[in-house]
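# Below is the sequence, then the predicted model.
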Amino acid sequence: FVFFFFKQKTAYEMQRGLVGSEMCIRDRYQRRVHGDYQDMEKQVFYKLKSVNALQMHWEELKIKHLRELLQDQARNEKMVAETKNIIFDYTHESMNLQTLELFQALAEEVKLNEKIADMFNGKKINVSEDREVMHMALRASKDRKILIDGIDVVPVVHKELDKLFAFATKVREGKLVGFTGKPLTTFVVIGIGGSYLSIDFVYEAIRHNEECKKSGKGFELKFIPNVDPIDFVRVTEHLNPEQTLFIINSKTFTTAETMLNARTCRNWLFEQFASRISKVEDKNAIVAHHMIAVSTNLDETKKFGIDSQNVFAFWNWVGGRFSVWSAIGILPLALCFGPEIATQFMAGGEFIDLHFSQTKDITKNIPVLLGLIGFYNTHIQKFESRAILPYSQCLHKFVPHIQQLSMESNGKDVSITGVPLTEPTGPVVFGEPGTNGQHSFYQLIHQGRRMACEFIGFVEPIYPIMVPGELVDSHDELMSNFFAQPDALARGITMAEIEANPKVKEKERPFKVFHGNRPSLSILIDQISPFTIGQLLAIYEHRVSVEGFLFGINSYDQMGVELGKQLATDVRGIFIQNAKKEKLDYDKLKSATPSSKKLLAAYIQKRNTKQSHQKQQRKELTLSLIHI
């Protein structure tokens with residue numbers, strides 16, 4: 001017994017990379033900062049009584065097939081929640097009414113309602129960065145009161161909204177124009193991560209809505225997130241510089257990728273207006289007319305050449321992946337569609353904020369249910385993956401954003417008190433719209449790895465197309481799959497059912513068996529509009545918070561992102577040495593492995609050889625032209 005315990009602990013510490021002196025340092029730190037380390041270890045999520053009860057419940061429940069569970073009408077009626085525009089159906093999850101009772105016990109043990117209240121009351125729940133998590137204040141209506149450090153931030157938020165809405169209106173009405181006097185009609189967002197993915201999702205989701213089409217006519221929104229030069233080239237190759245406005249989204253105005261892209265775009269503007277530049281003041285005027293920023297660093301934006309009146313603010317209590325509700329997202333959306341559309345989007349988010357914070361019955365609170373079910377599927381049923389499957393092409397950028405929102409928030413291996421976790425937290429999130437996914441990875445979902453599936457569909461089509469001679473329109477054809485897939489996953493097809501079909505050849509029968517019992521949930525929304533897209537996004541944002549509360553982690557920092565950036569800075573130093581023709585000092589790469597250094601050296605050698613060859617070719621071409 002003693003040997004087994006010792007072996008387990010050593011294996012765990014080795015897995016976490018904590019051995020020898022590192023273990024002692026970690027333990028001393030935990031005792032100094034958080035108190036008794038053993039007491040904290042007892043509070044990790046997988047040691048909670050309610051979680052263990054849920055695990056024991058699953059051991060009994062898992063022998064029941066979803067075919068059997070779905071026959072219970074009392075259960076089915078209980079497992080549907082509704083709010084304005086939305087039906088949330090989780091009857092196809094591997095749960096019964098006792099599961100809901102255990103969900104309640106879990107919510108009570110982790111003090112879920114208390115934690116939600118702490119978030120909405122402006123407590124600093126982002127403990128590692130000592131910050132509040134208050135993106136909800138960004139979408140609060142003027143009559144609400146939200147305190148942060150005793151100060152009502154709603155008037156502050158609306159003052160900034162008024163400023164950006166006034167700016168957007170002037171641009172849309174042609175009162176603010178480009179350097180040559182032409183109206184600005186193309187808006188290019190320079191940003192990465194939360195400064196891009198969320199805005200791209202909302203833009204793509206609503207731009208075919210009838211009202212948005214009218215208000216957005218003549219305007220377009222583009223994005224340059226990637227530092228890869230091809231991203232810049234693809235966006236700018238067909239742009240008219242005279243009618244282009246660049247929006248630089250960077251809180252600190254120091255993000256390496258974003259600022260390199262910003263400088264590249266500024267240089268592109270100078271190249272495009274080269275014939276009109278005769279003095280430094282002309283360059284300053286070009287930047288003033290064609291570049292604005294969303295940032296808190298006014299010193300850096302001024303150095304860049306952006307007028308302070310064209311810099312829009314947001315606050316430290318807004319995390320990057322939640323920042324679409326700030327000027328980061330609302331400004332480009334207001335420029336493209338107008339303030340009214342942006343306001344409708346924010347109203348949808350606020351509606352869910354009130355639903356989430358005020359609905360205490362967990363069986364009726366959609367974000368809470370979604371979070372509890374996510375925890376149940378991930379930790380109790382051990383599903384490593386979650387497929388989000390929107391049956392609308394308008395949502396083709398939804399999953400990439402939720403992927404970041406979820407995995408950057410809840411991909412953690414340490415508790416909120418600093419205790420290393422031996423159980424994984426958030427799942428891998430992926431997905432694809434509608435029938436595209438069916439012809440891509442649904443084969444695996446039906447007969448391969450088991451995973452959690454989430455279907456999202458809409459009652460009203462964006463474009464109601466009915467081809468003459470067809471029995472159903474295109475939207476009903478799409479939605480027939482939305483309704484069929486959860487049943488196919490749950491029920492499957494037995495060998496007996498296959499044998500009863502005379503059209504199936506005997507040798508084919510084993511391959512056509514579907515064991516089913518694969519859980520899913522469905523979200524049915526009335527229509528795609530700025531309001532309902534705001535609702536959907538807020539639901540998934542709050543779901544991430546609920547899962548983080550259940551896992552007992554900090555969902556609002558992203559240390560894993562920062563580490564890679566730090567190492568990239570060291571590598572960038574080697575590239576600078578190479579550009580200056582200096583001796584390359586690979587010893588400065590203290591965190592790089594020998595194999596990485598070797599690969600880096602090969603990369604530099606190949607690039608240098610290629611560039612030298614190209615330089616020689618240009619020289620020979622110049623000499624030949626002179627000779628001619």
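On my side now, so go ahead.

# so where's the stretch 501-628 of the chain shaky on pLDDT?
Scanning the stretch 501-628 of the chain for pLDDT under 70 picks out 620, 623, 625, 627-628.

# let's see 90
Regions of the stretch 501-628 of the chain meeting the criterion pLDDT under 90 cover residues 560-569, 586-592, 610-628.

# Next: the stretch 1-150 of the chain.
Within the stretch 1-150 of the chain, the stretches falling below the threshold (pLDDT under 90) are 1-43.

# Helices along the stretch 101-250 of the chain, start to end?
Listed in chain order, the helices of the stretch 101-250 of the chain (DSSP state H, counting those that start in this stretch) span residues 112-120, 154-172, 197-206, 210-215, 229-236.

# With distance to Ala105 and mean neighbour count added, can I get these in TSV?
Backbone N, C-alpha and C define where each C-beta goes, glycine included. Written out in TSV, the entries for these read as follows (distance: least, Cβ to Cβ, whole Å; neighbours: other Cβ atoms under 10 Å):
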stretch	distance to Ala105	mean neighbour count
helix 112-120	11	18
helix 154-172	36	17
helix 197-206	34	25
helix 210-215	44	16
helix 229-236	49	15
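
# out of those helices, which comes closest to Ile366?
Minimum separation from Ile366 across these (Cβ to Cβ) falls at helix 112-120, 13.4 Å.

# how distant is the closest one from the center of its chain?
Relative to the chain's own centre, helix 112-120 is displaced by 22 Å; criterion: Cα atoms, centre = their mean, to the nearest Å.

# now the helices of the stretch 101-250 of the chain in JSON lines, with distance to Tyr603?
Written out in JSON lines, the entries for the helices of the stretch 101-250 of the chain read as follows (distance: least, Cβ to Cβ, whole Å):
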{"stretch": "helix 112-120", "distance to Tyr603": "45"}
{"stretch": "helix 154-172", "distance to Tyr603": "43"}
{"stretch": "helix 197-206", "distance to Tyr603": "29"}
{"stretch": "helix 210-215", "distance to Tyr603": "45"}
{"stretch": "helix 229-236", "distance to Tyr603": "16"}
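
# Please tell me I have it right and Gly194 contacts Phe314.
No: in terms of Cβ atoms under 8 Å, Gly194 does not count as a neighbour of Phe314; the distance is 11.1 Å.

# list the residues that contact both of the two?
Between them, Gly194 and Phe314 have Ser323, Ile328 as joint contacts when contacts are counted by Cβ atoms under 8 Å, 6 or more residues apart in numbering.

# mind checking which of the helices of the stretch 101-250 of the chain is nearest His289?
Of all these, it is helix 154-172 that lies closest to His289, at 10.8 Å by Cβ to Cβ.

# any weak-confidence spans in the stretch 251-400 of the chain?
Where the stretch 251-400 of the chain drops to pLDDT under 90, the residues are 251-252, 254-256, 280, 296, 314.

# For Tyr249, the count of nearby residues, please.
I think there's a mix-up here, since residue 249 is Asn and not Tyr. Residues within reach of Asn249, counting by other Cβ atoms under 10 Å, total 32.

# Next, the contact list for it, please.
Val189, Ile190, Gly191, Ser195, Tyr196, Thr258, Ala293, Val294, Ser295, Ile328.

# Please name the nearest non-neighbouring residue to the third one.
This points to Gly191. Asn249 (3.2 Å; Cβ to Cβ, 6 or more residues apart in numbering).

# who's that neighbour bridged to?
Asn249 has the following beta-bridge partners by DSSP bridges: Val294.

# How many residues are close by the residue nearest to Asp570 when sequence neighbours are not counted?
Computed as Cβ to Cβ, 6+ apart, the closest residue to Asp570 that is not its neighbour in sequence is Leu589, at 5.3 Å. Applying other Cβ under 10 Å, we find 17 residues neighbouring Leu589.

# if I pick Leu589, what's in contact with it?
Asp570, Val571, Ile574, Ser596, Lys597, Leu600.

# 10 Å instead?
Contacts for Leu589 (Cβ atoms under 10 Å, 6 or more residues apart in numbering) come out as Leu567, Asp570, Val571, Gly573, Ile574, Ser596, Lys597, Leu600.

# same thing with Asn226?
For Asn226, the contact set (Cβ under 10 Å, 6+ apart) comprises Ile192, Tyr196, Phe232, Arg234, Glu257, Asn261.

# And these, which is closest to Leu102?
Using Cβ to Cβ, the shortest approach to Leu102 within these belongs to Tyr196, at 39.6 Å.

# Wait, that closest one touches Val189, no?
Yes: under the criterion of Cβ atoms under 10 Å, Tyr196 lies in contact with Val189, with a separation of 6.4 Å.
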